[in-house]
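1. I would like the atomic coordinates for the input below:
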Amino acid sequence: MKRFAWPIQPLLDLKIQQEKLLRTEVYALAQDVIFHRSQIAQHRSGLGTKLMDIAKLELSVRLAGQENFAKYSKAIEKKIQTLTEQLDALETQRNEKTQQLVQIKTSREALEEKRSETKAAYTKAMGKHEQKQLDEAAHLAIARQMIETTISKPTHKRRQTG
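-> As a prediction, this is how the structure comes out:
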């Protein structure tokens, strides 16, 4: 049987490569999102810890500590705001890549389904063709056998009565 060749196999291969690439990009973006969230949580936790430490100090030392904490907390809040903006951008980018991934995956699956259907039809057609050839060969063999038996039979002459 002739090997099945699908003319748009390169397109399917391209979709598979695109899907792998997008999966990698989505994974990397997800890792960045996780990192940014942990950084934000870490900064917020650090602010809470510092504030609790200042609250434990004596009044005379606490006032100076509160001034320093106010300056420190402004800087940390700016950092948290920057991280939050970056996080929002990363999540938007990840959502866009995820949508692209879904589209590519749907396209790939449709192509694979079409390939499967085409291959099944090809296999069926080739099976019919092979069966037809086998039937013809069998008919020829039977015809040869009939001819050979007819030729090889001795001919009996009829006796004439006279």
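
2. Any idea which helix or strand in the chain has the lowest mean pLDDT?
-> For the chain, the helix or strand with the lowest mean confidence is helix 59-152, at a mean of 92 (criterion: mean pLDDT, DSSP states H and E).

3. Mind giving me the packing neighbours of that helix?
-> Other helices and strands packing on helix 59-152, by 3 or more Cβ pairs under 8 Å, 6 or more residues apart in numbering; DSSP states H and E, are helix 9-55. Using the backbone N, CA and C atoms, a C-beta is placed for each residue, glycine as well.

4. avg pLDDT for the helix it packs on?
-> Across helix 9-55, the average pLDDT comes to 95.

5. Give me the distance from that helix to the chain's centre.
-> Counting by Cα atoms, centre = their mean, to the nearest Å, helix 9-55 is centred 21 Å from the centre of its parent chain.

6. relative to helix 9-55, how tilted is the least confident helix or strand of the chain?
-> Orientation of helix 59-152 against helix 9-55 (axes from the mean of the first three to the mean of the last three Cα atoms, to 10 degrees) gives an angle of 160 degrees.

7. starting at the chain centroid, how far to helix 59-152?
-> Offset of helix 59-152 from its chain centre (Cα atoms, centre = their mean): 2 Å.
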